[in-house]
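Asks: sequence first, then the predicted structure:
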Amino acid sequence: MQKIKTALLSYGMSGKVFHAPFIKMHEGFELVGSWERNKKLIHLDYPTVKSYSSIEELLADGIDLVIVNTPIDTHYEYAKQVLNAGKHALVEKAFTTTAKEAQELKDLAQEKGLKLVVYQNRRWDSDFKTVKSVLDEKILGEIIEAEIRFDRYNPILSPKKWKESNNAGAGILKDLGPHIIDQALCLFGFPIAVFADIRTVREHSEVNDNIDILLYYDDKRVRLHAGFFNKEQFPGFTLQGRNGSFLKARADIQEDVLKAGAKPNIENWGKEPKEKEGLLNINVNGETIRKTIPTLNGNYYDFFEAVYESITQNKTEPVTAEDGLKVMQIIEAAIESSNQKKVISLN
């Protein structure tokens, strides 16, 4: 099996929880090391890998794939450096801070003949996979409206200064926003217009932390919401079709168990508690059918498998640079809409 030598650009929470465990698990990847600026932590979990003192040192070490998991406002700079060094790049969300940057990276990767992947792991969450399967089965009929939420209760500011300082990558719109926007685009395609209300509601906050985005389609509207004051949460996904409704909690367990130190496996990974199953309520031939739908298992391993195949077999990336660009176009339209308090049409 071809080995893809892989390195991280940081070993904080995302490197430790979302990337390194799956890179180590997959036989086709070799975790070579991570760039660590101050704290040298990767050796605590992976004693045999390298801790690089600079990105230049990392790029000079025969690496094939670099995971750009640094603060959002550095993604463009580092991804460009990685691509110019002839390496494939996997870039965390938000892909960039602007659509212009996203387009430039997409063009550069194409020019260099390299793979450029955006890390949108929530496509491989158990809840989203189940929602998509219900839509694909068309049991709800034509969808009239839908809502996707990513709610938390966390009124306290993050201790990570880059998340709370007024920089180009900070704020919930570019933190949780890319997840729900990407999920909406996966389910319903690119909208014709956007309306948004972007606010700052936490005490002493300098960044946006509450968003409502309305995506307009010819035949439906899709509402997206993310915020930090949701102690009692609504369903993460609400689908309303001509035949009825499907409600599903955002209940994927992978992040929590990874944070607790669990190592991913193939057999029983990503299985939600049964009580979190989604509720289907539809009308069939004049009769009401109301039941829960078994939840599909989530598995971020499948994302990394698709990354491996995209590099070794030249398959399409599981999340393309074009996907990342479209998310940034929605984000920019949302900012313009909120500032001008009007609907923004999209080309």
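Replies: Perfect, thanks for sending it. Note that the structure is a prediction, hence the values are computed from the model and not measured.

Asks: for residue 39, give me the pLDDT.
Replies: On the pLDDT scale, residue 39 is placed at 87.

Asks: what do you get for residue 75?
Replies: Residue 75 carries a pLDDT value of 98.

Asks: quick one, what contacts it?
Replies: Contact partners of residue 75, counting by C-beta atoms under 8 Å, 6 or more residues apart in numbering, are 68, 91-92, 94-97, 101, 169. In this view, the C-beta of every residue, glycine as well, is placed from N, C-alpha and C.

Asks: go on, residue 88?
Replies: Applying C-beta under 8 Å, 6+ apart to residue 88 gives the contacts 4, 64-66, 114-117, 311.

Asks: farthest pair within the contacts of residue 75?
Replies: Longest distance between any two of these is 13.9 Å, between 92 and 101; criterion C-beta to C-beta.

Asks: more neighbours: which of these two?
Replies: Set residue 92 next to residue 101 and count neighbours by other C-beta atoms under 10 Å: residue 92 wins out with 24 against 20.

Asks: thought that one was touching residue 119?
Replies: Yes. The pair residue 92 / residue 119 is scored as a contact, 4.9 Å apart, by C-beta atoms under 8 Å.

Asks: so what sits against both of these two?
Replies: Between them, residue 92 and residue 119 share these contacting residues under C-beta under 8 Å, 6+ apart: 67, 69.

Asks: quick one, what contacts the residue lying closest to residue 311 once chain neighbours are set aside?
Replies: Excluding its sequence neighbours, the residue lying closest to residue 311 (C-beta to C-beta, 6 or more residues apart in numbering) is residue 115, at 5.3 Å. By C-beta under 8 Å, 6+ apart, the contact set of residue 115 is 65, 88-89, 109, 307, 310-311, 317.

Asks: helices or strands up against the helix or strand harbouring residue 226?
Replies: Using DSSP states H and E, residue 226 falls within strand 221-227. Counting contacts by 3 or more C-beta pairs under 8 Å, 6 or more residues apart in numbering; DSSP states H and E, strand 221-227 is packed against strand 143-151, helix 177-188, strand 210-216.

Asks: following it, which helix or strand shows up next?
Replies: As assigned by DSSP H and E, the chain's next helix or strand after strand 221-227 is strand 237-241.

Asks: between strand 221-227 and that following strand, find me the angle.
Replies: Angle, strand 237-241 to strand 221-227, by axes from the mean of the first three to the mean of the last three C-alpha atoms, to 10 degrees: 170 degrees.

Asks: in its sheet, what does strand 237-241 sit against?
Replies: strand 143-151 (antiparallel), strand 244-248 (antiparallel) (DSSP bridges).

Asks: just to revisit the earlier point, using a markdown table, lay out the contacts of residue 75 together with pLDDT.
Replies: Formatted as a markdown table, the contacts of residue 75 follow (pLDDT from 0 to 100):
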| residue | pLDDT |
| --- | --- |
| 68 | 98 |
| 91 | 98 |
| 92 | 98 |
| 94 | 97 |
| 95 | 98 |
| 96 | 98 |
| 97 | 98 |
| 101 | 98 |
| 169 | 93 |
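
Asks: who wins on neighbours among those residues?
Replies: residue 95 (34 neighbours).

Asks: in stretch 297-308, what counts as buried?
Replies: By 16 or more other C-beta atoms under 10 Å, the buried positions in stretch 297-308 come out as 297-304, 306-308.

Asks: quick check: residue 63 touching residue 4?
Replies: No. In terms of C-beta under 8 Å, residue 63 does not count as a neighbour of residue 4; the distance is 9.2 Å.

Asks: next up, phi/psi of the residue nearest to residue 35 when sequence neighbours are not counted, please.
Replies: Closest residue in space to residue 35, ignoring its immediate chain neighbours: residue 52 at 4.6 Å, by C-beta to C-beta, 6+ apart. As for residue 52, its main-chain torsions (degrees, to the nearest 10) stand at phi -90, psi 150.

Asks: begin at 43 from here
Replies: Yep, numbering from 43; the last one is residue 94 now.

Asks: which ones are touching residue 94?
Replies: When contacts are counted by C-beta under 8 Å, 6+ apart, residue 94 touches 49, 75-78, 100, 103.

Asks: now with 10 Å?
Replies: Shown in contact with residue 94 (C-beta atoms under 10 Å, 6 or more residues apart in numbering): 49-51, 74-79, 84, 100-103, 105.
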